[in-house]
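>>> Here is my input, please return the structure:
(one chain, ligands or ions: 1)
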Amino acid sequence: MNILIFGPPGSGKSTHSRTIVERYDLTYISSGDMIRAEISAGTELGKEMKRYIEGGDLIPDTVVNTLIISRLRRHRRNFIIDGYPRTAEQVLALENYLYDHGLNIDVALEIFISKEETIERISGRRICPKCGAVYHLKYKPPKVPGKCDVCGSELVQRDDDRVELISKRYDLYVRNMEPIIKFYKKQGLYVKVDGHGGISEVWERIRPLLDYIRARESPAQRPPGSP
Ligand SMILES: [Zn+2]
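Residues are numbered from 1 along each chain as shown. Prediction:
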């Protein structure tokens, strides 16, 4: 089972990806995690990407493609890709790779939330500058308002978690993803899941679909008693 997962900021896609990875035994390929890992490892590719980020530029498609495709080569099948492809060039590179290796995507899953929901989820985030603990004013408040439960430090809001910037990131996501979503819609692979509500509520909207795909690909592995 090969999955693409998308979602606006705060959609919970990384949380659900982790659940999916465990339940279906998939390899998790996150473009964001891989970029951060390359940069902190100080590889040639990492240094190159750091220059783009520090200059305020997007990392070029060719660099992102190299990163993701080289990871795919090591794992071949049973993967979930988070945050890729994001441009038409990236779709092309992925499609070429899949075609050359006789692979296909089973589902392109978008966990969708409204802009208001994105703003509420992200603008409520507070982090501890000292130990890195993450809180949410509504969903995960600290025991003492404004103070870290772990180390007692004063909690802060990250600069890019401010409302104007969240709103901008959301619009950018919607604009960038429009052609990508259109492409996967045409292929009959796009599924939009309502991402509003609690984590387990949203998960119950995702699980039946993925259980179905898994059962379809390996009938012998169906649990006894299932149709
Ligand atoms: Zn702390």
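
>>> Stretch 13-31: which residues count as buried?
Neighbour counts over stretch 13-31 (16 or more other Cβ atoms under 10 Å) mark 13, 16-17, 19-21, 26-31 as buried. C-betas here are computed from N, CA, C, even on glycine.

>>> Return the subset of those lying in helices.
Residues of the buried residues of stretch 13-31 located in helices (DSSP state H): 13, 16-17, 19-21, 31.

>>> what does the one helix or strand Val193 maps to contact?
Per DSSP states H and E, Val193 falls inside strand 190-194. If you take Cβ atoms under 8 Å, 6 or more residues apart in numbering as the criterion, strand 190-194 is touched by 107-112, 181, 184, 202, 205-206, 209.

>>> any chance you could map the strands in the chain?
Assigned by DSSP state E, the strands in the chain fall at 3-6, 27-30, 79-82, 107-112, 125-127, 134-136, 190-194.

>>> of all these, which lies closest to Ser153?
Ser153 sits nearest to strand 125-127 of all the strands of the chain, at 9.9 Å, using Cβ to Cβ.

>>> which helices and strands sit right next to the closest one?
Secondary-structure packing of strand 125-127 (3 or more Cβ pairs under 8 Å, 6 or more residues apart in numbering; DSSP states H and E): strand 134-136.

>>> just how off-centre is the strand it packs on within its chain?
Strand 134-136 sits 19 Å away from the centroid of its parent chain (Cα atoms, centre = their mean, to the nearest Å).

>>> right, is it up against the ion?
No - judged by Cβ under 5 Å from the ion, strand 134-136 and the ion are separated, with a smallest distance of 9.5 Å.

>>> Please work out the average pLDDT along that strand.
The average pLDDT within strand 134-136 is 92.

>>> Bridging across strands, which residues link to Val156?
For Val156, the beta-bridge partners are Ile127 (DSSP bridges).

>>> so who does it touch?
Val156 neighbours (Cβ under 8 Å, 6+ apart): 126-129.

>>> now it: how far from Gly124?
As judged by Cβ to Cβ, to the nearest Å, Val156 and Gly124 stand 13 Å apart.

>>> still on that earlier bit, which of the ones in helices among the buried residues of stretch 13-31 are close to the ion?
Restricting those to those touching the ion (Cβ under 5 Å from the ion) yields no residues.

>>> Which residues are in contact with Ile127?
By Cβ under 8 Å, 6+ apart, the residues touching Ile127 are 133-135, 155-158.

>>> For the residue minimising distance to the centre of the chain, list the residues it contacts.
Most central in the chain under Cα atoms, centre = their mean is Asp82, positioned 3.7 Å from the mean C-alpha point. Contact analysis of Asp82 by Cβ under 8 Å, 6+ apart lists 5, 13-14, 17, 28-33.
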